[in-house]
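Peer 1: quick one, structure for this:
(chains A and B)
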Amino acid sequence: MTLELFSQYLLAGVTYGIIYAIVGIGFNIIYNTTGIINFAQGEFVMLGGMIAISMHQWLPLPLAIVAAVLLVMLIGALVEILFIRWLDRPSVLRMIIITIGISILVREAALHIWGEGVRSLPYFVGNEITTVRIMGARVSPQVLWVIGVCTVMVLALSLFFKYTLQGKKMQACAANRVAATLCGISTKNMVTLSFMLSAGIGALAGCVMSPITYSQYDIGTGLAIKGFTVAILGGLGSSMAAVAAGLLLGLIESFSVSVVPLAFQDAISISLLLAILFLRPHGLFGNKDAADLKEF
Amino acid sequence: MKRHLPLGLLVLAIIGVQLLTRATDTAFYLTPLTMTAYYSLVIVGLCLLMGYAGQISLGHAGFFAIGGYLSAMLTTKNLVPFKDNSLISLCDELGLLVHGQDMFGSAFTHVQPWAACGCAILVTIVVAYAIGIPVLKLKGHYLAMATLGFGIIVYRLALAFPLFGEADGISDVPGFPLLPGLSVSGDFSSRVSNYYLAWGMVALAMWLLVNLIHSRVGRALKAIHGAEGAANATGINTARYKLNTFVISAVLASVAGIFLTHYNGGIGPSEAGIMKSVRYVAIVAIGGMANLWGALTMGALLNIMSLRGMFGSYDDAVFGAILIVIMLFAPQGLLGISLSATFKRILRRGE
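Peer 2: Okay, the predicted model is just below:
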């Protein structure tokens, strides 16, 4: 493998990896405050891209993206308020089925609103053929946008959880819901906030990736599976581990192309998910004893 | 007696519907009704696994596809170029191959449908055990995701291999001659016999499953569903029960896949899709989880409506909406309360 090819694969892997990581973090944020795996997580990414594309007809690009992210955050909050907030300690099976139902409804609504066509936002800088050279590889500047925006998001999230009151409240809910309630934290509001937050980061990722990976009504499921793989791979609940796991999965996928045909790419990453679930369900970086205490 | 009353009603309903279509000259309903029967077979199998053993599977369309695709591939693949292969000639000597001519008159050799069916079921059992052993150790979200992952892998493999027709699927699958004069095929003339065959299989499956859940096994499964740890402590081999239930329901799905593929004369990748698996889960949930008759009733009703195109382009959306509404407002299922209460009332009057 030449150096050019190597760095080409490397950059592709990092690009996809960081997107998976964002979806994985979205899973983790909701899981931490509720103990629920939100199967509709991928749909937020799809909605972000799709809404931004529609908004771009009337608004300049940055405003369209901001509007899309805010709108998807609103949808996230609505989903939580309508379907989850008022349930009294629902069983895991019930929550799985409800979130799957939500993801189907969102996807079908998108199909009827936007149709089956493949759409995309315009490139943020330049156009399809603009390239920059990095380590011998030729990539679109959009790749740098994706990596940059996602990295900033990850950093901003970790600062948010560490240094703001809302972030600390959410951390408290994640650590112990009952204790958090006793300290005067409204856990219900924190759950709504966590849905908004994970919808928002998903939507933003959906916007920046749209020019290179395109947006279509059914991209959500695939992303959700990858995001879940990443969340498990890193150890459910841990956001920083999800970033490492996301990069790992992205790199495995992009380098696998040099060994097996592209058609098997998804099968590989899902086999990895199954292998992790069977062999190390607490994740690569997780702690087994801590994982045993969590509810699945 | 109590156990066999619904079964008798089912048989009466099967015969009644056929007579009704004959009397009203609406025999065209028999085709969707036959397809519905095969989908119902998957659903009652999944109901045993989800409702009684309490293990969710979001990958049952995968087993359906394994049965359908293998059977279709073996009965349509021309083996003439491989006739020198020792394995193929061994199969030929055992009488497992059928020799004939294709529509252009050249030699065409394919696997005999019975052999193909046996092979498909065998593969399903092996796969179900191989997947079931590790997967059933998982719980909750992990189990759901792992079975979903399995379903997606089957779907991706069906799309990736030229052998399985990639996006086109496999067509021109020959009929499946079960007995002289009885063949599983979409022939116009055998519509009535196929209707009875399909629903007869459903009735047989229901009889077996109803007996199963009223036996020692069924009580063990209920204990597992209630509290797995407690069941284990009372001496129930929970891992084995769960695994065997998983395999039984996988085989039911696979058999349904094999028969429906021969009936339709083909299979496409959408049969392996995630939406199919989710749809099966939805129907079991609507029927009330631990309620075989509820699952069968709702399965027959919703499938026939869907196959007749009553939901139009909102087909998937309808199932999604049903899932949410049922799980939010009636997690015991639509028929869970009313149907069993009605049955009890009827029975009490009979005594």
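
Peer 1: CA atoms for contacts and neighbours, from now on please.
Peer 2: OK.

Peer 1: how close does A:Trp145 get to A:Ile53?
Peer 2: Relative to A:Ile53, A:Trp145 is positioned 17 Å away (C-alpha to C-alpha, to the nearest Å).

Peer 1: which one of those two has more residues nearby?
Peer 2: Between A:Trp145 and A:Ile53, A:Ile53 has the larger neighbour count (other C-alpha atoms under 10 Å in any protein chain shown), namely 23 against 17.

Peer 1: mind checking the SS state of whichever residue of the stretch 1-150 of chain A sits closest to chain B?
Peer 2: Residue of the stretch 1-150 of chain A nearest chain B, by C-alpha to the nearest C-alpha: A:Gly101 (4.5 Å). Classification of A:Gly101 by DSSP: H, G, I helix; E, B strand; the rest coil places it in helix.

Peer 1: could you find the closest non-adjacent residue to it?
Peer 2: B:Gly320 (4.5 Å; C-alpha to C-alpha, 6 or more residues apart in numbering or on different chains).

Peer 1: just give the number of residues close to B:Val126.
Peer 2: 13.

Peer 1: and it, what helix or strand is that in?
Peer 2: Assigned by DSSP states H and E, B:Val126 falls within helix B:113-135.

Peer 1: for that helix, packing partners?
Peer 2: Counting contacts by 3 or more C-alpha pairs under 8 Å, 6 or more residues apart in numbering or on different chains; DSSP states H and E, helix B:113-135 packs against helix B:60-76, helix B:140-160, strand B:176-179, helix B:238-264.

Peer 1: that one to helix B:140-160, inter-axis angle?
Peer 2: Calculated by axes from the mean of the first three to the mean of the last three C-alpha atoms, to 10 degrees, helix B:113-135 forms an angle of 140 degrees with helix B:140-160.

Peer 1: contacts for helix B:113-135 next, please.
Peer 2: Contacts with helix B:113-135, where a contact means C-alpha atoms under 8 Å, 6 or more residues apart in numbering or on different chains, come from A:278, B:63, B:66-68, B:70-71, B:74-75, B:96, B:143, B:146-147, B:176-178, B:243, B:246-247, B:250-251, B:254-255, B:258.

Peer 1: circling back to that earlier point, the residue nearest to A:Gly101 touches A:Ile104, doesn't it?
Peer 2: Yes: because the distance of 5.4 Å satisfies C-alpha atoms under 8 Å, B:Gly320 is recorded as touching A:Ile104.

Peer 1: if we can go back for a sec, deepest of the helices and strands packed on helix B:113-135, which one?
Peer 2: Highest mean neighbour count of the helices and strands packed on helix B:113-135: helix B:60-76, a mean of 28 (counted as mean count of other C-alpha atoms under 10 Å in any protein chain shown).

Peer 1: what angle separates that helix from helix B:113-135?
Peer 2: Going by the same axes, to 10 degrees, helix B:60-76 makes 150 degrees with helix B:113-135.

Peer 1: neighbours of the residue nearest to A:Gly101, how many?
Peer 2: Count around B:Gly320 with other C-alpha under 10 Å applied: 27.

Peer 1: same thing with B:Leu208?
Peer 2: Residues contacting B:Leu208 under the criterion other C-alpha under 10 Å number 11.

Peer 1: ok, now which ones touch it?
Peer 2: With C-alpha under 8 Å, 6+ apart as the criterion, no residue contacts B:Leu208.

Peer 1: send the alpha carbons of the host helix or strand of A:Leu159 over as PDB?
Peer 2: In the assignment (DSSP H and E), A:Leu159 maps to helix A:141-163. What follows is helix A:141-163, C-alpha atoms only, in PDB (Å, rounded to 0.1, in the frame of the first residue of the first chain):
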ATOM      1  CA  PRO A 141     -12.200  20.500   2.300                       C
ATOM      2  CA  GLN A 142     -15.600  19.300   3.500                       C
ATOM      3  CA  VAL A 143     -13.800  16.400   5.200                       C
ATOM      4  CA  LEU A 144     -11.800  18.900   7.300                       C
ATOM      5  CA  TRP A 145     -15.100  20.600   8.100                       C
ATOM      6  CA  VAL A 146     -16.600  17.300   9.300                       C
ATOM      7  CA  ILE A 147     -13.600  16.500  11.400                       C
ATOM      8  CA  GLY A 148     -13.300  20.000  12.700                       C
ATOM      9  CA  VAL A 149     -16.900  20.500  13.700                       C
ATOM     10  CA  CYS A 150     -17.200  17.100  15.300                       C
ATOM     11  CA  THR A 151     -14.100  17.600  17.300                       C
ATOM     12  CA  VAL A 152     -15.300  21.000  18.500                       C
ATOM     13  CA  MET A 153     -18.600  19.400  19.400                       C
ATOM     14  CA  VAL A 154     -16.900  16.700  21.500                       C
ATOM     15  CA  LEU A 155     -14.700  19.300  23.300                       C
ATOM     16  CA  ALA A 156     -17.700  21.500  23.900                       C
ATOM     17  CA  LEU A 157     -19.700  18.700  25.300                       C
ATOM     18  CA  SER A 158     -17.000  17.600  27.700                       C
ATOM     19  CA  LEU A 159     -16.600  21.300  28.900                       C
ATOM     20  CA  PHE A 160     -20.400  21.500  29.200                       C
ATOM     21  CA  PHE A 161     -20.500  18.400  31.400                       C
ATOM     22  CA  LYS A 162     -17.600  19.500  33.500                       C
ATOM     23  CA  TYR A 163     -18.100  23.200  34.000                       C
END
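
Peer 1: fine by me, we can end here.
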